[in-house]
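Novice: no sequence for this one, just the structure:
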């Protein structure tokens with residue numbers, strides 16, 4: 001299906017602000033922009049936008065031609081935003097980069113497409129990844145809780161329950177963000193872009209080792225080099241890491257000796273923060289401190305695939321000071337695990353989780369995905385029931401996002417936009433709260449099922465500082481390895497400069513020094529301009 005946005009009153013660049021919102025209603029459609037009305041085609045679904053600006057009404061007309069492959073009984077529809085609605089929308093000060101035209105364009109599209117499809121996206125006109133940043137910005141401006149909620153509902157059409165969820169998340173994040181604003185305190189992300197097999201929904205840079213381990217060994221050799229160079233640079237700039245995050249891919253695809261050596265190398269080369277305040281569950285002895293495990297450092301390892309874990313490897317991780325571990329089942333149904341290409345069973349998950357729980361002193365997270373192919377509400381309820389019996393410290397729940405580069409996209413799987421996904425998420429919220437878990441970070445993705453969000457839950461005090469910093473882009477973070485990106489941000493306005501390592505590990509090995517040099521220059525510039533207050537941020541891509 002094709003959808004074309006047109007307008008006689010908006011420029012092409014202004015009109016493009018409506019593309020992502022239109023795709024949220026029609027994820028399977030090809031949506032494009034034309035400045036002038038195209039000729040009528042029997043194979044075309046056309047949404048035509050006519051605008052009188054700035055005087056009301058702001059009118060949006062939708063023409064759905066016969067022959068168009070669109071499952072709608074309505075052929076023509078139009079809506080107008082009256083003066084009262086427009087005044088309410090524009091009565092609040094601008095929070096982000098959006099203009100009045102952008103806001104009204106999206107509001108008009110939202111009103112029309114909700115009327116036509118019967119679908120009301122819970123996040124309103126927002127299509128960005130981090131809706132919490134809007135609320136953080138309002139809080140920084142001294143906006144009251146009630147007024148902030150009103151702005152989120154009137155200006156952005158966010159549903160009331162999502163507004164309350166956002167306010168709860170931001171309130172939990174606030175003390176953590178105060179702690180991590182020291183420009184000399186950074187976090188470090190290290191990427192291992194290899195997995196036992198490639199999941200059908202995965203679009204991350206992750207390479208299978210089914211043909212042998214030589215690529216991984218070659219990659220590690222180059223990664224060690226970047227860790228060393230980065231550590232020397234951090235020492236020169238007097239930067240210390242208060243959190244380390246080893247992600248991927250699946251870092252635990254490394255053998256026990258390989259991952260032990262990697263962690264020892266990181267702790268030896270990367271300057272780490274010494275703090276009297278130890279994170280919950282760390283339990284590191286003074287002997288361990290002398291061996292290079294420093295108090296106060298949050299050290300997370302993604303152990304997402306149970307088939308890469310053993311009792312020996314788990315003990316080695318803990319001995320190296322790992323205090324946060326992710327064991328990610330995604331679902332507790334064997335038929336689904338097989339369907340999505342994961343080479344483990346539910347029994348493997350239960351066995352490995354039990355082994356991890358026998359080792360005291362760390363926080364365990366589990367990941368789930370809603371909207372997996374073939375799963376319904378009952379399946380999700382059954383999965384949550386089994387997770388509840390395990391009683392993890394953290395629970396991260398994703399709504400399936402079908403991205404280009406994934407096998408599911410190639411197979412033509414269409415996102416589930418029905419109310420079933422919202423029912424699943426309601427069940428998740430209820431289940432998490434019954435376990436004493438609170439939502440502490442959330443983010444959204446392009447092509448996300450149900451136009452919903454991914455949510456991280458944690459017991460009070462067991463929140464992941466790294467996750468909060470990276471999602472709100474207020475924590476200084478350095479990305480190392482293939483697929484990681486480093487960002488230099490001006491803390492006065494949170495503008496970002498991005499430097500990304502190539503996702504292909506072979507290209508990364510050839511070019512990481514170029515990216516590192518650019519990162520050095522950017523940090524040097526901001527430190528000279530801002531008196532050493534430049535921050536570095538990285539995103540696990």
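Specialist: On my side now, so go ahead. Because the structure is a prediction, the values reported are computed rather than measured.

Novice: for residue 174, what is the enclosing helix or strand?
Specialist: Residue 174 belongs to helix 160-179 when assigned by DSSP states H and E.

Novice: off-centre distance for that helix?
Specialist: 16 Å (C-alpha atoms, centre = their mean, to the nearest Å).

Novice: what element comes up after it heading to the C-terminus?
Specialist: For helix 160-179, the succeeding helix or strand toward the C-terminus, using DSSP H and E, is strand 185-192.

Novice: any idea of the angle that next one forms with helix 160-179?
Specialist: 110 degrees (axes from the mean of the first three to the mean of the last three C-alpha atoms, to 10 degrees).

Novice: neighbouring strands for the very next helix or strand once past strand 185-192, and are they parallel or not?
Specialist: Where DSSP H and E defines the elements, the next helix or strand beyond strand 185-192 is strand 194-195. The strands beside strand 194-195 in its sheet (DSSP bridges) come out as strand 207-208 (parallel).

Novice: now tell me what touches the strand it pairs with from outside.
Specialist: In this structure, residues lying in contact with strand 207-208 by C-beta atoms under 8 Å, 6 or more residues apart in numbering are 193-198, 215, 249, 505. Heads up, the C-betas are built off the backbone N, CA and C, glycines and all.

Novice: nearest to residue 351 among these?
Specialist: Nearest to residue 351 out of the contacts of strand 207-208 is residue 196 (C-beta to C-beta; 16.4 Å).

Novice: please enumerate the strands of the stretch 201-350 of the chain.
Specialist: Using DSSP state E, counting those that start in this stretch, the strands of the stretch 201-350 of the chain run over 207-208, 240-248, 298-302, 324-326.

Novice: my error: substitute the stretch 51-200 of the chain in the last question.
Specialist: So, for the stretch 51-200 of the chain - with DSSP E, counting those that start in this stretch - the strands run 58-64, 76-81, 185-192, 194-195.

Novice: point me to the residue sitting closest to the centre of the chain.
Specialist: Taking C-alpha atoms, centre = their mean, the centroid of the chain lies closest to residue 443, which sits 5.0 Å from it.

Novice: buried sites along stretch 108-115?
Specialist: 108-114 (16 or more other C-beta atoms under 10 Å).

Novice: in helices, which of the residues you listed fall?
Specialist: Counted as lying in helices by DSSP state H, out of those, are 108-114.

Novice: redo the residues you listed as TSV? Include distance to residue 337 and pLDDT.
Specialist: Listed next are these as TSV, based on distance: C-beta to C-beta, whole Å; pLDDT from 0 to 100:
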residue	distance to residue 337	pLDDT
108	44	87
109	39	88
110	37	90
111	42	88
112	41	85
113	36	86
114	36	87
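
Novice: would CSV of those residues with distance to residue 357 be doable?
Specialist: Shown next, in CSV, are those (distance: C-beta to C-beta, whole Å):
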residue, distance to residue 357
108, 53
109, 49
110, 46
111, 51
112, 52
113, 47
114, 46
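
Novice: between those residues, which sits nearest residue 394?
Specialist: Using C-beta to C-beta, those come closest to residue 394 at residue 110, 33.7 Å.

Novice: one step back: any idea which of the strands of the stretch 51-200 of the chain is most buried?
Specialist: Comparing the strands of the stretch 51-200 of the chain by mean neighbour count (mean count of other C-beta atoms under 10 Å), strand 185-192 comes out on top with a mean of 27.

Novice: that strand: how far from the chain's middle?
Specialist: Worked out by C-alpha atoms, centre = their mean, strand 185-192 lies 16 Å from the chain centre.
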